[in-house]
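> here is a sequence together with a model predicted from it:
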Amino acid sequence: MLLVALPIFSCSLHRFGRNLKRTQYQPTMKNLSIKQLTKTYSNGVKAVDNLSLEIGTGMFGLLGPNGAGKSTLMRTIATLQRPDTGSIRFHDIDVMQDPMALRKVLGYLPQEFGVYPKVSAERLLAYFAKLKGVQSKQDRQTLIQKVLEVTNLYEVRKKHVSSYSGGMKQRFGIAQMLLSNPKLIIVDEPTAGLDPAERQRFLNILREIGTEHTVLFSTHIVDDVKELCHEMAIMNGGRILQQTTPEAATSHLEGQIWTKAIERHELDQMRATYTLLSSHYKRDNTLFIRIHSPEKPGPEFTLAKPNLEDAYFLALQSATATA
């Protein structure tokens, strides 16, 4: 199964280009409401634990480590599995009571999906467009050209999709999804395994389509959320640890992030003494650490500008400490 989507794609390339220039975030009404959602698998793993979330128009980033429960949440919202308890509403659709109504306005791009071998992108999109009710050959051709151009695949439209790189296949997934005009778009870990150039191409496409749709985007890559999302939530252990914006999460830590160069043998002591957020090696093989402290920990520490990675690691550590 490739992905889920329905009605007809109506956004012109002109509108996509115009929307790309909208960089200032405007608060929106919450379109997707998730309340007290719980999902426990038969092996006893509680993948989603009494989770509540409110999401509006634009790009919403769900950030969390592998195993946090992100994919379970995405599959549940996409009606691919039912929760044990809780409710999901998208506008006036009660998803638990009427999953087919959501599927008609849903675009879902899973982390991995299969493609037919030895079939070109153009032919495969024509097949999907016909399945989705676009009966006129001329309308299908116009629609397919638009989605291929939006996803930067027009020049390789004659090539077999099975021969595409990982990033090209992900962009083809977006093209197939946009054959309809989905109101809710769910994208699960789309940049995992992509090289930097393919990752940037893919993020640019998501940035374009996210201006007029509700897009839920899950990832464990902090930079994806920082570059792409207007709003975000940090998830781990099946729970939402924090719902905020990338800017607010970062500015909240102003004056509280400190750095220091240490020797490798000092790392365990630093970890035991301070709230150590991250560390990386310098060229001289000393370690450069970042810690969180409301006050300067000592004369040898230097105040640093906080970043989203600091906020992410602090949220994970705080949740672990209070568990």
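Nice, thanks for sending it over.
> tell me which residues in stretch 284-303 are buried?
Under the neighbour-count criterion of 16 or more other Cβ atoms under 10 Å, stretch 284-303 has Leu287, Ile289, Arg290, Ile291, His292, Pro297, Phe301 buried. Any C-beta I mention is one placed from the backbone N, CA and C, and that applies to glycine too.
> what's near enough to touch the fifth one?
To tie it back to what came earlier, the one meant is His292. Contacts for His292 (Cβ atoms under 8 Å, 6 or more residues apart in numbering) come out as Leu253, Gln256, Ile257, Trp258, Tyr274, Thr275, Leu277, Asp310, Leu314.
> 10 Å instead, please
His292 is in contact with 253, 256-258, 274-277, 306, 310-311, 313-314, 317-318, counting by Cβ atoms under 10 Å, 6 or more residues apart in numbering.
> which residue ranges form the helices in the stretch 1-150 of the chain?
Assigned by DSSP state H, counting those that start in this stretch, the stretch 1-150 of the chain shows helices spanning 13-20, 70-77, 99-103, 121-131, 137-150.
> for Val225, which of those is the nearest?
Between Val225 and these, the shortest separation by Cβ to Cβ is 12.0 Å, and it involves helix 70-77.
> residues contacting the residue nearest to Tyr41 when sequence neighbours are not counted?
Of all residues not flanking Tyr41 in the chain, Ala47 sits nearest, at 6.2 Å (Cβ to Cβ, 6 or more residues apart in numbering). Contacts of Ala47 were listed using Cβ under 10 Å, 6+ apart, and they are 38-41, 67-73, 75-76, 81, 83, 237-238.
> switch the cut-off to 7 Å
Residues near Ala47 by Cβ atoms under 7 Å, 6 or more residues apart in numbering: Lys39, Tyr41, Gly69, Thr72, Gly238.
> can you tell me which of those end up in strands?
Residues of those located in strands (DSSP state E): Lys39.
> hmm, which of the contacts of Ala47 are the buried ones?
For the contacts of Ala47, a burial check counting by 16+ other Cβ under 10 Å picks out Lys39, Gly69, Thr72, Gly238.
> and for Val45, the neighbour number?
Counted with other Cβ atoms under 10 Å, the neighbours of Val45 add up to 12.
> quick one: it from Lys39, how far?
Counting by Cβ to Cβ, to the nearest Å, the separation of Val45 from Lys39 is 9 Å.
> quick check: the nearest residue to Asn285 once chain neighbours are set aside vs His280, distance?
Distances taken as Cβ to Cβ, 6+ apart place Arg264 nearest to Asn285, at 7.5 Å, with adjacent residues excluded. Distance, Arg264 to His280, using Cβ to Cβ: 12 Å.
> now swap in Thr214 and tell me
Separation of Thr214 from His280 (Cβ to Cβ) stands at 36 Å.
> and what of Ser293?
As judged by Cβ to Cβ, Ser293 and His280 stand 19 Å apart.
> circling back to that earlier point, closest one of the buried residues of stretch 284-303 to Ile174?
Arg290 (35.2 Å).
> does that closest one have beta-bridge partners, and which?
Beta bridges link Arg290 to Thr259, Ser278, judged by DSSP bridges.
> ok, now Phe90?
Here Phe90, judged by DSSP bridges, has bridge partners Leu32, Ile93.
> let me have the buried residues of stretch 284-303 in TSV, extended by pLDDT.
Formatted as TSV, the buried residues of stretch 284-303 follow (pLDDT from 0 to 100):
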residue	pLDDT
Leu287	92
Ile289	96
Arg290	97
Ile291	97
His292	97
Pro297	93
Phe301	96
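> what pLDDT does the nearest residue to His252 once chain neighbours are set aside get?
Leaving aside its sequence neighbours, His252 sits nearest to Ala311 (Cβ to Cβ, 6+ apart; 7.1 Å). With respect to pLDDT, Ala311 scores 97.
> the one helix or strand Ala311 maps to packs against which elements?
Per DSSP states H and E, Ala311 falls inside helix 308-322. If you count contacts as 3 or more Cβ pairs under 7 Å, 6 or more residues apart in numbering; DSSP states H and E, helix 308-322 packs onto helix 222-228, strand 231-236, strand 239-244, helix 246-251, strand 275-281, strand 287-292.
> return the distance of it from the chain's centre.
Relative to its chain's centre, helix 308-322 lies at 19 Å (Cα atoms, centre = their mean, to the nearest Å).
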